[in-house]
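Asker: whatever this is, show me its structure:
(chains A and B)
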Amino acid sequence: MTTAIEARGLRKVYRSGLKGRAVIALNGIDLHVEPGEVFGLLGPNGAGKTTTVKILLGLTHATSGEASIFGIPVGDPASRRRVGYLPEGHRFPGYLTARETLRIFGRMSGVEKTDLSRRIPALLERVRLSQWSDVRVKKFSKGMTQRLGLAAALVHEPDVLLLDEPTDGVDPVGRREIRDLLAEEAGKGRAILVNSHLLSEVERICGRVAVLREGSVAAQGRIEDLTAATSRYKLVASGVDDALLSDLRGTGASIDRVNGHFDLTARDLEHLNALVDRLRARGAQLQELTPVRSSLEDVFVGLVTPQSREPRA
Amino acid sequence: MRAWAASIEEVFREAAARWTLIAYFALSSLFILIFALAVNLDVVNGALAGARLFGQSVNLPDRSIDIDRLVLGFESGFSGFLYLVGTFLALFATAHLVPRLQEKGTIDLYLSRPVGRIPLLLSRYSGGMLLATANLAYLIGSIWIIILWKTRVVHWRFLFGGVTILFTIAVLLAFAFLVGVATSSTGVSLMSTYAVFFLAAILAAHQKISAAMSSEWAAKLVDGLYWVFPKTAELGRATVSAVAGNRVLHGAAPANLFAVYGSTALFGLAALTLACWLFSRKDF
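Answerer: Numbering: from 1, shown residues only, chains lettered A, B, ... in the order given. Model (predicted):
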């Protein structure tokens, strides 16, 4: 199966000012998104998320490196035949109605009139804009414009969706609908790349993510892997006194009382088992031992704060 | 082709929404209406026997006025007026096409479609030219019909006078597109194109200007600029001459005629090529 989105060694250097001062926006990005996958692109402002998406769409030219959509280089307009894009802060012509917007942008994507007359009402229904189909876009609220943007991204039935802040300005009900819609699209085998600041949204939608930091990939992988606990556990046990805690700390473990349970950090699995043996040998009753997963936000903050510089697999 | 047609349709929709198309046609219609209602001519045996303007009788000289010559005089004068006003209005109505396209949040929507950048720009250019052509055809065609109705005089040349006007619009619009791509500003694009129009008209007197120059390099610069810029003054005269049925350019040898049209076309072609090149290389 051909990879839907592939980027290898993407680098973008902007020149600014009269002296042409170099600003490195991307410094060798490698990405791949497979069909049916929902992939999240995360990072603080200026990390290179939007530049990456713009290069994938041919809106910005890479200084070096390669990118392709289903094997077609992104410089070839044919690559965009299979891409639907929802830009952040998009501005559809306000004088067009929702129906006209979809018709004009559908035709620009090469869709035949007969197909459009079938697809447009269905799409408008799907994004809950049927009642507004003949209202000019300039009268639309932010959330409605965003839903129209999503419909415009889908009008030519693309195989790849690139979405920049898809839930921006959308109310909680609308967000859930967009999440459901994206899950449905991914279920049809479409590859979806979501660029978002809303980590909780990304955590719900995406299977894999890449965290960008200063133009480089700081971490990339499945959310479960990135947030997997390797050393932290929640321990609930009775009969643990201060002497036992000191004993456990003496082995190199970190253990603290937190809201009726213990927050335990072991070096590795062997160390953890040794700690359990010690607890039990000293008469403590073990009730619960659960690995503590980090939230995506924990991982994100850990990765993008200045002190964290080691890349994660 | 579908994408090209959609882009052109969007140009017309945008012009209508911005009221430029409506104002353009409304002003033209007003002029046509005034002309149709205000001018009344009595033609007897091919000569003007009486005339009324806004209901008032016009004193005519005792000698008979050949209606054919009168119409010709009006048509050639009107084509000169149209050359200036038509060109300015057309540029005013279309100069925003590129800057608006390049606006943040808009350009992404267009470039993310499977349309090459150069076809996208050229489709906007075609849309702008179609808009100008439609209005010019409406204005010239209507005036021609009214003249025919009032005088029974048919001058096909009047209809073809619009060709030179369109040629001038095409060249200047190409320059407006180039400035639009480079600056993303409708104002700058419009002002610089009007400046080119007037500067080029002044440069028509390049021989006199260069003769008045104190240094040889300055004289050469003026002559050089004359050949680089479009020949707006000559083209205006060509429009009037073509309608009047004279030689296209008074006293111009065929080689000069080619030089006027050729160098102007070259300016337009260079501007459009440069605009395409710049647009295809730009990062958005």
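
Asker: tell me the mean pLDDT for the host helix or strand of B:Ser7?
Answerer: Per DSSP states H and E: B:Ser7 is located in helix B:2-17. Averaged across helix B:2-17, the pLDDT comes to 85.

Asker: ok, it near chain A or not?
Answerer: Yes. For helix B:2-17, a contact with chain A is found by C-beta under 8 Å from any C-beta of the partner chain, at B:Arg2, B:Ala3, B:Ala5, B:Ala6, B:Ser7, B:Glu9, B:Glu10, B:Arg13, B:Glu14, B:Ala16, B:Ala17. Where you see a C-beta, it was placed from the backbone N, CA and C, and this is true even at glycine.

Asker: got the contact list for that helix?
Answerer: Defining contact as C-beta atoms under 8 Å, 6 or more residues apart in numbering or on different chains, one finds that helix B:2-17 is touched by A:93-96, A:100, A:104-105, A:107-112, B:21-22, B:24, B:93-94, B:97, B:100, B:110, B:113-115, B:119-120, B:123-124, B:126-128, B:130-131.

Asker: thinking again about what came up before, buried subset of the residues of helix B:2-17 next to chain A, written for PyMOL?
Answerer: Filtering these down to the buried ones (16 or more other C-beta atoms under 10 Å in any protein chain shown) takes a single PyMOL command:
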select buried, chain B and resi 3+6+7+9+10+13+14+17
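
Asker: between the residues of helix B:2-17 next to chain A, which is nearest B:Met191?
Answerer: B:Met191 has its nearest neighbour among these in B:Glu14, at 21.2 Å by C-beta to C-beta.

Asker: returning to that earlier point: which one of the residues of helix B:2-17 next to chain A is nearest to B:Gly80?
Answerer: Distances from B:Gly80 to those, taken by C-beta to C-beta, are shortest for B:Ala16, at 29.7 Å.

Asker: mind telling me what element the most centrally placed residue in chain A is part of?
Answerer: Nearest to the geometric centre of chain A sits A:Gly40, at 1.8 Å (C-alpha atoms, centre = their mean). According to DSSP H and E, A:Gly40 maps onto strand A:38-42.

Asker: residues touching that strand, excluding its own?
Answerer: For strand A:38-42, the external contacting residues (C-beta under 8 Å, 6+ apart) are A:5, A:31, A:33, A:49, A:52-53, A:182-183, A:186, A:191-197, A:199, A:202, A:205-212, A:223, A:296, A:300.

Asker: look up how far B:Arg152 lies from the residue of chain B found nearest chain A.
Answerer: Nearest residue of chain B to chain A: B:Ala17, at 3.1 Å (C-beta to the nearest C-beta). Distance of B:Ala17 to B:Arg152, computed by C-beta to C-beta, to the nearest Å: 41 Å.

Asker: sorry, back to before: distance of the residue of chain B closest to chain A from B:Val196?
Answerer: According to C-beta to C-beta, B:Ala17 and B:Val196 sit 28 Å apart.

Asker: centre-most residue in chain B?
Answerer: Geometric centre of chain B, nearest residue: B:Thr87, 3.1 Å, by C-alpha atoms, centre = their mean.

Asker: am I right that that residue is in contact with B:Leu172?
Answerer: Yes. If you go by C-beta atoms under 8 Å, B:Thr87 and B:Leu172 touch, sitting 6.6 Å apart.

Asker: shared neighbours of these two, which are they?
Answerer: With C-beta under 8 Å, 6+ apart as the test, B:Thr87 and B:Leu172 both reach B:Phe197.

Asker: buried sites along the helix or strand B:Ala195 falls within?
Answerer: Element membership for B:Ala195 (DSSP H and E) is helix B:186-202. Across helix B:186-202, burial judged by 16+ other C-beta under 10 Å covers B:Thr186, B:Val188, B:Ser189, B:Leu190, B:Ser192, B:Thr193, B:Tyr194, B:Val196, B:Phe197, B:Ala200, B:Ala201.

Asker: wait, the last one sits on B:Ala233?
Answerer: Yes. At 4.3 Å, B:Ala201 and B:Ala233 qualify as touching, with contact defined as C-beta under 8 Å.

Asker: what residues are shared contacts of these two?
Answerer: By C-beta under 8 Å, 6+ apart, no residue touches both B:Ala201 and B:Ala233.

Asker: could I get the full set of helices for the stretch 151-300 of chain A?
Answerer: A:172-187, A:199-205, A:223-227, A:242-249, A:269-281, A:296-304 (DSSP state H, counting those that start in this stretch).

Asker: please name every helix or strand in contact with the third one.
Answerer: In this structure, helix A:223-227 makes packing contacts with strand A:208-213, helix A:296-304, judged by 3 or more C-beta pairs under 8 Å, 6 or more residues apart in numbering or on different chains; DSSP states H and E.

Asker: so how far is that helix from its chain's centroid?
Answerer: The chain centre lies 13 Å from the centre of helix A:223-227; the measure is C-alpha atoms, centre = their mean, to the nearest Å.

Asker: tell me the contacts of A:Arg249?
Answerer: In this structure, A:Arg249 makes contact with A:Ile255, judged by C-beta under 8 Å, 6+ apart.

Asker: helix, strand, or coil at the residue nearest to the centre of chain B?
Answerer: helix (DSSP: H, G, I helix; E, B strand; the rest coil).

Asker: report pLDDT for it.
Answerer: 91.

Asker: repeat for B:Ser64
Answerer: pLDDT recorded at B:Ser64 is 69.

Asker: which residue does chain A have closest to chain B?
Answerer: Nearest to chain B in chain A, going by C-beta to the nearest C-beta, is A:Tyr95, at a distance of 3.1 Å.

Asker: shouldn't that residue be within a strand?
Answerer: No. Under the criterion used here (three-state DSSP), A:Tyr95 is coil, not part of a strand.

Asker: how many neighbours does it have?
Answerer: For A:Tyr95, the tally of surrounding residues (other C-beta atoms under 10 Å in any protein chain shown) stands at 17.

Asker: quick one, phi psi at it?
Answerer: With angles defined as degrees, to the nearest 10, A:Tyr95 sits at phi -80, psi -10.

Asker: go on, B:Lys150?
Answerer: Dihedral pair for B:Lys150: phi -80, psi -30, per degrees, to the nearest 10.
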